[in-house]
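Student: I'd like to go over a predicted model; first the sequence, then the structure.
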Amino acid sequence: MRPVVFADRAAAGEALAAMMQQRKLPPPLLILGLPRGGVPVAHEIACRLDAPLDVMLVRKIGMPGQPELAMGAVAPGGIVVRDASLERMFPDIGPDFERVAAQERLELARREQVYRAGLAPLALQGKTVVLVDDGLATGATMLAAVRAARAGGAARIVVAAPVASPQAARLVGEEADELVILETPEMLFAIGEWYERFEQLDDAEVCELLARHRDARASHARGASS
């Protein structure tokens with residue numbers, strides 16, 4: 001039997017936040033959720049740590065015919081992650097990789113317009129950046145996020161997820177400064193199996209969470225200054 005099943009992404013975020021409160025993360029903090037599923041998890045962490053919340057835009061490059069199987073991932077700034085083991089297994093995969101990667105770069109641009117419309121460019125320089133997702137299966141998208149944060153000048157990169165495969169944890173742990181993972185089951189078939197409710201989010205729900213957190217912080221700042 002599994003040792004833990006999270007009620008939903010918010011509950012998973014609360015559990016992660018409780019663990020992160022015990023760690024001394026150097027300020028200034030910035031919590032970045034990986035859309036879409038990582039944002040509700042990140043929202044709970046940002047609230048508990050009293051830190052700003054934003055998104056790190058990353059896209060998985062799915063295998064043709066098996067989109068849930070990651071060939072790699074892309075992130076802003078020209079970041080590309082490739083799964084070398086898949087390339088060895090399928091030596092002719094290169095054209096498919098480039099075709100899907102081009103499609104995902106277009107989706108990155110679209111989401112940038114939707115999620116960060118009217119906001120200043122993401123500023124990571126000198127910050128402790130906490131990258132959050134609802135789970136790590138292959139680790140490809142999170143690895144792309146780590147590399148994008150590093151390229152953006154983050155002083156320290158912490159990866160947080162409720163559940164991760166051992167392989168993904170090792171892969172990401174080689175480049176992140178710190179990992180906060182609640183569960184690393186030996187066999188991880190699907191992230192959704194670890195949640196009682198694992199509904200797909202849409203853009204509107206992500207934007208609502210981001211706006212709610214910004215408004216709450218702005219209201220708190222006004223109250224503190226009055």
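Tutor: Thanks, I have it.
Student: Check the offset of stretch 108-117 from the chain's centre.
Tutor: 16 Å (Cα atoms, centre = their mean, to the nearest Å).
Student: And stretch 24-34, by the same measure?
Tutor: 13 Å.
Student: Buried residues of it, list them for me.
Tutor: Residues of stretch 24-34 classed as buried by neighbour count (16 or more other Cβ atoms under 10 Å): Leu25, Leu29, Leu30, Ile31, Leu32, Gly33, Leu34. C-beta here means a position set from N, CA and C on the backbone, and glycine is covered the same way.
Student: Which residue would you name as the spatial centre of the chain?
Tutor: Per Cα atoms, centre = their mean, the C-alpha nearest to the average position across the chain is that of Leu34, at 3.0 Å.
Student: out of all of them, which strand in the chain is the longest?
Tutor: Longest strand in the chain by number of residues (criterion: DSSP state E): strand 66-75.
Student: where exactly do the strands run in the chain?
Tutor: 29-33, 53-55, 59-63, 66-75, 79-82, 128-132, 156-163, 178-183.
Student: These: lowest mean pLDDT?
Tutor: In terms of average pLDDT, strand 66-75 trails the rest of the strands of the chain, at a mean of 88.
Student: about what we covered before: from the buried residues of stretch 24-34, which single one is nearest Val74?
Tutor: Leu34 (12.6 Å; Cβ to Cβ).
Student: per-domain residue ranges of this structure.
Tutor: 1-56+124-138+172-200+215-221, 58-121 (automatic domain parsing).
Student: Show me what the nearest residue to Val100 once chain neighbours are set aside is bridged to.
Tutor: Ranked by Cβ to Cβ, 6 or more residues apart in numbering and with sequence neighbours excluded, the top spatial neighbour of Val100 is Ile61, at 4.9 Å. Under DSSP bridges, the beta-bridge partners of Ile61 are Gly72.
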